[in-house]
Structures are given as structure tokens and as C-alpha cells.
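*Asks:* Sequence and predicted structure, then a few things I'm wondering about:
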Amino acid sequence: MTQAPLRLRLDTAALVANWTLLSRLSGSAACGAAVKANGYGLGARGVVERLAAAGCRDFFVATWAEARALADLGVALSVLHGARVEDMADRPGNVRPVLASPEQVARWRETGGGTCDVMVDTGMNRLGVSPQAVAEGLLDGLAVETLMSHLVSADEDVALNARQRDAFAALAGRSPARRMSLANSSGIALGADYHFDLTRPGIALYGGRQRRAHDAIRQVVTPEAQILQRRRVSAGETIGYNATYAAPHDMEVAILNLGYADGYLRCFSNKGRAHAGDAVLPVVGRVSMDLTAICVDAAPDLGEGDWVAMDYALPETAALSGLSQYELLTGLSARFDRIWA
């Protein structure tokens, strides 16, 4: 297969270290992994294989298509979007729906679907059955593995966190569920009262840091781009669409095979940076669909065919770009070769 001019360097040791840290922070609770959206853009298969080898036993995807693509790996998979009518015909045995409405519960019960998970809405007003319905016996007779809910603002110190925790805790023993699960990445950092039996980290596995307890989380993903051309730009000439950058002096510029169609968005125009060794190479001009220019005055030996690494540490890049850490990862396109090291 021909090598693409873009690649994501994916750090196995960092991924495993992040899960190990989150597992330790989860205390006595088991620590799972959210691998929806193709493993947050890294490639779900590669993520699951590595985390399963490290000891992770519970994985969460959004859709049945995502689950089917991973079912042959033999791990336990939960589908967070539940079970539509269209999903009932082809259900791998190691995949459970997270039932999220009374209609889904009734559908699963009527078809004798087997073991399931259930989402309870404790304040998100997104997916989930009501705590009252659970307390009144909606789930009676079902084989429920995990009763779960989802925190609204776990990355903030707000009273809603405790209200959700208490509403969820009040359901202990009031459903047939074998386990209870509330905490996402930030929820893990809120403390043992939020851990219940199983935690479900996502963004922190992949390098996201939202809480002080995440300070040791390591970067997993580094985008790299190949240089298509090196050129000299004279003082006063402009670079890129709409002439948003004028060369302050004669300068050396490299054009990268990288742009907003790849997920490197226009918000990085005149802000982003690349690296080649210790050399810092700022983005100059507007990022276009498939091309980005960088100043390479600090790297006299770089030329066509060479590679540079883009700055992409998630918290810092989110602050620079105004994008969320989630968007930064899941927006990286299929044009990148994903290379695990």
C-alpha cells in the first residue's frame, strides 16, 4: 500500500499508561474504555487490542456498526445508543445494548434479547430512562449487567455533580443490575463516591486533561505531515488565501500536505506550530483545504519529502484553537495513516 503523506504517530505506552492511571484512580471500581467514534479518531481496533492486553475488560461504542467492526476481538462491548428496530436482527453475542428509553426496554423484553445495560437520565436530558421508572420496576425481570448514568459537568465544580450522584446512588438495589456506572474521565477525578462499580473514561485515555488528577496523563497522538515543496518568499510578499500573512523579511517556507479537509482547521492559521527536532516552525498564512505553510528558517536542511510533527498536545491545542479536546481528536480524517509505536 502506498504511504500517505500524512500520518498519526500513536504511542502505545502512553495509551496504556493513561488507562493504568485511570484504573488506579478508580479505586476498587473496574475501569473500562470508551472507544466510540473509531477510538476517538485513533482507530478503535488498535485501541481495543492494546487496552485489552493491558487488562481492560469493558468497552463502549456508540452504534451497532461500531460494535460489529470489533466483535471478532472477543471483548465485552456496550452500544451506548441502545437498540433500534433496525438493530434487532444482527446482534453479536458479546455485544449489549445500553437501553435508553421505555420503548427500547419494551422492545428488548418482547424479543427476549438477553443481557443488556440500561442508561438512566439523572440530569443530562439526552438519553436515558427516568430514575422514577427504574424505582417503579421498569426493569424488573430483565438481565441487566450495568445500570449507568452520565455526568453533565464533571469537568467543573458545580452542585449538579453531587445531585446526579445522589439520584443515581438512590437506585442501588432497586433494579436487577449487577453493576452501577457513573464516572467518565473527569468523573473519576471527583472521588470514590462517583466510582460505583465501573468507570468509563474516554478523552483522558487519549491524552485529554480536564482535572488536576489528570496532570500525569500523557500525549498519545502526534500528527505528522510531509513537505511537498520548500520555497523562498521575499520580504513583503504574502502567503496563502486572502493575504493574511506578509513576510516580514526574506524567509524560507515549506508547504505541507495538510489542511482543513484533514482536520487541521482554519483556526490554526497564523497560530499553529510544527517541529523538526528542536526547531520550532510556525504556521504562516491561512490553512487551506489540503495545504498549510510553515516557516522553516530554523530548519535549513528540511526539504521536499521530509516530515514535520504538528504541535497537538490536547489541552494546549484546545486553548490555542478554541476547539474542544474531543473535536481535535475526532476531526482527524481518514487521510492519515495511523501508525502505532
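*Replies:* Nice, thanks for sending it over.
*Asks:* buried stuff in the helix or strand encompassing V280?
*Replies:* Remark: V280 resides in strand 279-282, with elements defined by DSSP states H and E. Buried residues in strand 279-282, counted by 16 or more other C-beta atoms under 10 Å: 281-282. Quick note: C-beta positions are derived from backbone N, CA and C, even for glycine.
*Asks:* Render the CA-only coordinates of it in PDB, please.
*Replies:* Provided in PDB are the C-alpha atoms of strand 279-282 (Å, rounded to 0.1, in the frame of the first residue of the first chain):
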ATOM      1  CA  ALA A 279      13.300  23.600  15.600                       C
ATOM      2  CA  VAL A 280      10.000  25.400  16.100                       C
ATOM      3  CA  LEU A 281       8.200  26.000  12.700                       C
ATOM      4  CA  PRO A 282       5.200  28.400  12.900                       C
END
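*Asks:* which helices and strands sit right next to it?
*Replies:* strand 273-276, strand 292-295 (3 or more C-beta pairs under 8 Å, 6 or more residues apart in numbering; DSSP states H and E).
*Asks:* what does that strand contact?
*Replies:* 254, 270, 272-275, 294-296, 298-299, 308 (C-beta atoms under 8 Å, 6 or more residues apart in numbering).
*Asks:* Looking at those residues, which two lie furthest apart in space?
*Replies:* N270 and A299 (18.8 Å; C-beta to C-beta).
*Asks:* so G74 makes contact with N94?
*Replies:* Yes - counting by C-beta atoms under 8 Å, G74 does reach N94; the two are 6.4 Å apart.
*Asks:* Can you pick out the residue with more neighbours from the two?
*Replies:* Using other C-beta atoms under 10 Å, the more surrounded residue of G74 and N94 is N94, with 15 against 10.
*Asks:* quick revisit: show me just the buried residues among the contacts of strand 279-282.
*Replies:* By 16+ other C-beta under 10 Å, the contacts of strand 279-282 give 254, 272-275, 294-296, 299, 308 as buried.
*Asks:* In TSV, list these along with pLDDT and distance to Q164.
*Replies:* Listed next are those as TSV, based on pLDDT from 0 to 100; distance: C-beta to C-beta, whole Å:
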residue	pLDDT	distance to Q164
A254	98	49
G272	98	37
R273	98	39
A274	98	42
H275	97	41
I294	98	45
C295	98	48
V296	98	50
A299	98	50
V308	98	44
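*Asks:* Looking at these, which is nearest N125?
*Replies:* G272 (36.2 Å).
*Asks:* Quickly list what the spatially closest residue to that closest one that is not a sequence neighbour is bridged to.
*Replies:* Sequence neighbours aside, V283 is the residue nearest to G272 in space, at 3.9 Å (criterion: C-beta to C-beta, 6 or more residues apart in numbering). Here V283 sits in beta bridges with I294, going by DSSP bridges.
*Asks:* mind listing what the residue nearest the centre of the chain touches?
*Replies:* Among the residues of the chain, Y40 comes closest to the average C-alpha position under C-alpha atoms, centre = their mean, at 3.2 Å. By C-beta under 8 Å, 6+ apart, the contact list for Y40 reads 34, 47, 202-203, 205-206, 326, 329-330.
*Asks:* Good, wrapping up.
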